[in-house]
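Enquirer: the following block contains a protein sequence and its predicted model.
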Amino acid sequence: MRIELATTIAVAVIGVAACSTPGGGFAGKRIDEVPMYGGMDRSQAPDLRAADEKFIADVAAHYGSRDKASAVWVEQGFVFYRQNNNAMAMRRFNQAWLLNPNNAETYTGFASVLFDEGKYCDAASMTERAFSVGRVQDGFLPDAALILVGCAMQGAAPDRKPALLKRSEEVFSQALASSVVAKDYTLTNWARAMYARNDYSAAWAKVAELRRVTGKDMSPEFLGGLSAKMPEPK
């Protein structure tokens, strides 16, 4: 994942973009670069319906099932995502969703791209959808927690903010308890999340936990930014 809530000396990166409204903020994009094709009923367009049916039949036959093909397309999407090619990543995630709308990983893909684009609450909605349709891979949990914090701090309705922050803490705890997620990745992101929440005491507590549990440390840039907000507790 490229998702980060990194800080500079002065500010948290998360603070620069406003949250988009659900389904909004996609003007000028191709329809296959919008999550779930923008809610379009593709069956009502004969050409699209025929193309979709052929695509599904061909790849399902090749990989043995629609579910297996969807998993392959998700992986292709994340390959493009790691290459900073969000447009192609979104196209692959849409095709994966077309193959299997109950594949939770399609929604984690959507969420990852949306977060990169500064659409924090749209990303949070996709994250919540991922949890609702199936099991989310443990490796995504620290990213999911960051996404929820991003929405809470940038655009969520005031009455929704506490629930988002509470949920983010639950997901961070789940990630920390997982045997397959690197402790340093979880604790580093947790410290960044607390900084983004302006809870500098809690951010320092996570820095201390990172040092104690893993023997590693946060970046000098993060520590400098945090120290400027609040000196390290003795």
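Expert: All right, it came through fine.
Enquirer: need the contact list for residue 75.
Expert: For residue 75, no contacting residues are found, by Cβ atoms under 8 Å, 6 or more residues apart in numbering. C-beta coordinates here come from the backbone N, C-alpha and C atoms, glycine included.
Enquirer: and what of residue 200?
Expert: The contact partners of residue 200, taken as Cβ under 8 Å, 6+ apart, are 194, 226, 229, 230.
Enquirer: please tell me how far residue 118 sits from residue 151.
Expert: When distance is defined by Cβ to Cβ, to the nearest Å, residue 118 is 11 Å away from residue 151.
Enquirer: list just the nearest of the contacts of residue 200 to residue 123.
Expert: Of all those, residue 123 sits closest to residue 194, with 19.3 Å by Cβ to Cβ.
Enquirer: my guess is the closest one meets residue 203, correct?
Expert: Yes. With contact defined as Cβ atoms under 8 Å, residue 194 and residue 203 form a contacting pair (3.9 Å).
Enquirer: those helices in the protein, which residues are they?
Expert: Residue ranges of the helices in the chain, as given by DSSP state H, are 46-63, 66-82, 86-99, 104-116, 120-133, 141-153, 161-177, 183-196, 200-214, 220-229.
Enquirer: for those, give me TSV that also has mean pLDDT and distance to residue 33.
Expert: Output for the helices of the chain, formatted as TSV (pLDDT from 0 to 100; distance: least, Cβ to Cβ, whole Å):
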stretch	mean pLDDT	distance to residue 33
helix 46-63	93	15
helix 66-82	97	11
helix 86-99	96	5
helix 104-116	96	9
helix 120-133	96	13
helix 141-153	96	19
helix 161-177	97	26
helix 183-196	97	27
helix 200-214	98	35
helix 220-229	97	32
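Enquirer: can I get those in CSV including distance to residue 40?
Expert: Below are these laid out as CSV (distance: least, Cβ to Cβ, whole Å):
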stretch, distance to residue 40
helix 46-63, 8
helix 66-82, 19
helix 86-99, 10
helix 104-116, 15
helix 120-133, 17
helix 141-153, 25
helix 161-177, 29
helix 183-196, 34
helix 200-214, 42
helix 220-229, 42
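Enquirer: returning to what we had before: who touches both of residue 118 and residue 151?
Expert: Shared contacts of residue 118 and residue 151, defined by Cβ under 8 Å, 6+ apart, are absent.
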